[in-house]
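Student: Here is a sequence together with a model predicted from it:
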Amino acid sequence: MPLWNSEEKVFDCYVAGVDSRSEDDTEAAVREVFGDLPGTVFEFEYDGLGNSRTEVLKRAWEEYSWATHVMFIDPDWMPVVGTVKKDQLSMDFTNFFFKIHDRNGKTARILDWMVLHEEGLGMKYRWHEQWIIPEGSPNDVTKPFLLGWEIEERKDQENWHTLEHADSFSYKRYLFEISELYQDYLLDPLDSRLLYYLGFDHLAAWEASQRMEPGSVDDAEVEMHLREGMKYLTARAGEGYLSRSGGSSGVKRWDEGAVPLDEMSYAALQYLGVMSWAVLKDGAAAEGWYKRCVEFDG
C-alpha cells in the first residue's frame with residue numbers, strides 16, 4: 001500500500017473500514033501508510049462485502065463530501081509505477097475503469113471501482129460487488145471512462161485469502177465464495193452476474209480439488225462442482241443474458257484505444273468451450289461454444 005502515497009499523491013483523503021474480527025493493529029498500519037493525509041479508520045461488523053463497502057461510502061460522504069471522486073482499493077493492491085496519473089480524472093464521466101493484474105500473474109481484468117462522489121452511493125452483493133447509484137442521480141446514466149491505470153494483486157502470505165484459506169486458489173477459498181454467492185442467488189436466481197460467478201467458482205473449486213491429494217474431497221462432491229459449474233455458466237451463456245452493453249462495453253479509453261467487449265459473456269462462452277474439450281471430452285460441444293465465441297467477437 002505505501003506506493004499509493006509515494007509515486008504520485010493520488011488521494012486527498014481516505015476512509016478505512018476494519019473488520020471487527022481483525023486481531024492485528026490494522027489502524028496503525030493504515031495511518032502509517034497515508035501519513036499526514038486526512039483520514040478516518042472505523043470498525044464494522046461484517047455482513048457481506050456489499051454491505052460493508054456501503055458503510056465505508058456512508059462514512060466517506062459524512063466526513064469528506066468535498067471529494068470529487070471515490071475509489072476502493074484492497075490492501076493487497078499495488079499500483080504499477082508510472083501508470084497511475086491523477087490528471088486522467090475528469091468530471092465529464094461517471095464511472096472510471098482500470099486494469100487489475102491478477103495474483104496468478106497470467107490474467108487481468110477491468111474493474112470500475114471509481115465513481116464520482118455523491119451522497120447515497122452503495123454496493124450490492126455479498127461477494128463480487130457492484131455499485132448502487134442513488135435513484136434520480138444525474139450519474140445514473142452511466143458515462144464510463146477507461147483509465148490507463150494498472151494495479152497488481154500481491155501473492156504473498158499477507159493477503160486475506162492466504163490467511164483465511166491457506167492459499168489464494170484453495171478449495172476452501174472457493175467453498176467460502178460459493179456460500180456467499182448462494183445467499184444472494186436465493187434472493188434473485190435470474191441475476192446474470194450471480195450465474196456467472198457461481199459457475200466460475202464451482203469450476204474453480206473443481207480445479208482446486210484436482211490439485212489435492214486423492215481422497216481429500218469426496219468424489220460425489222467433486223463431480224457436483226463440475227456439474228453445477230457447467231450448469232450455471234450455460235445459463236449465463238443463454239441468449240437472454242449475452243450482451244455487448246454490459247461490463248466495460250462502450251468505455252471510452254483514455255488513449256483512444258480499442259473498446260473491450262462484455263468480458264463476462266465472452267468469458268462464459270470461452271470457459272464452457274475449454275471445459276467441454278479438456279475435461280468432458282465433448283468435441284462437438286466445445287466446437288459449438290468456440291463458434292459462439294467467434295460470433296460474439298465479430
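Tutor: Great, that's in hand.
Student: and stretch 198-217, which residues are buried?
Tutor: By neighbour count, with 16 or more other C-beta atoms under 10 Å as the criterion, the buried positions of stretch 198-217 are 198-209, 217. The way it works is simple: take the backbone N, C-alpha and C, and place the C-beta from them, glycine included.
Student: Stretch 267-285 too?
Tutor: For stretch 267-285, a neighbour-count test (16+ other C-beta under 10 Å) marks A267, A268, L269, Q270, Y271, L272, G273, M275, S276, W277, A285 as buried.
Student: so where is the chain shaky, pLDDT-wise?
Tutor: Filtered on pLDDT under 70, the chain yields the residue ranges 1-3, 5-8, 156-168, 243-261, 298.
Student: quick one, strands of it?
Tutor: In chain order, the chain shows strands spanning 14-19, 39-44, 69-71, 77-79, 95-101, 108-116, 122-124, 130-132, 144-153, 252-253, with DSSP state E as the criterion.
Student: Could you point out which of these sits nearest V30?
Tutor: Closest of the strands of the chain to V30 is strand 14-19, at 4.6 Å (criterion: C-beta to C-beta).
Student: Compute the inter-axis angle for the closest one and strand 39-44.
Tutor: In this structure, strand 14-19 runs at an angle of 20 degrees to strand 39-44, with axes from the mean of the first three to the mean of the last three C-alpha atoms, to 10 degrees as the basis.
Student: Ignoring the adjacent residues along the chain, who's closest to L203?
Tutor: G229 (3.5 Å; C-beta to C-beta, 6 or more residues apart in numbering).
Student: Pull the number of nearby residues for the one you found.
Tutor: When neighbours are defined as other C-beta atoms under 10 Å, G229 has 24 of them.
Student: does it really touch Y197, like I thought?
Tutor: No: applying C-beta atoms under 8 Å as the test, G229 and Y197 come out as separate, 10.7 Å apart.
Student: Next up, the contacts around S216.
Tutor: Residues in contact with S216 (C-beta atoms under 8 Å, 6 or more residues apart in numbering) are Y171, S209.
Student: where does it fall, phi/psi-wise?
Tutor: Dihedral angles phi and psi of S216 (degrees, to the nearest 10) take the values phi -70, psi -30.
Student: ok, it to A208 distance?
Tutor: 10 Å (C-beta to C-beta, to the nearest Å).
Student: D282 is in contact with S276, correct?
Tutor: Yes: the pair S276 and D282 qualifies as a contact (C-beta under 8 Å) at a distance of 4.8 Å.
Student: which parts of stretch 218-232 are buried?
Tutor: Counting neighbours by 16+ other C-beta under 10 Å, one finds that the buried residues in stretch 218-232 are V222, H225, L226, E228, G229, M230, Y232.
Student: Surely Y14 is in contact with G35?
Tutor: No: under the contact definition of C-beta under 8 Å, Y14 does not touch G35, with a separation of 10.6 Å.
Student: Give me the more crowded residue out of the two.
Tutor: Set Y14 next to G35 and count neighbours by other C-beta under 10 Å: Y14 wins out with 21 against 10.
Student: Now for the more buried one: which residues touch it?
Tutor: Contacts for Y14 were tallied using C-beta under 8 Å, 6+ apart; they are V30, F34, L37, P38, G39, T40.
Student: try it again with 6 Å
Tutor: The neighbours of Y14, taking C-beta atoms under 6 Å, 6 or more residues apart in numbering as the test, are F34, G39.
Student: And for E45?
Tutor: For E45, the residues meeting the contact criterion (C-beta under 6 Å, 6+ apart) are S20.
Student: Quick check: the gap between it and Y64.
Tutor: 23 Å.
Student: cool, and T54?
Tutor: Here the criterion is C-beta to C-beta. By it, T54 lies 16 Å from Y64.
Student: repeat for V294
Tutor: Counting by C-beta to C-beta, the gap from V294 to Y64 is 48 Å.
Student: for T83, same thing?
Tutor: The span separating T83 from Y64 equals 25 Å under the rule C-beta to C-beta.
Student: How about S52?
Tutor: With distances defined as C-beta to C-beta, the gap from S52 to Y64 amounts to 18 Å.
Student: same check, this time on D19
Tutor: According to C-beta to C-beta, D19 stands 21 Å off from Y64.
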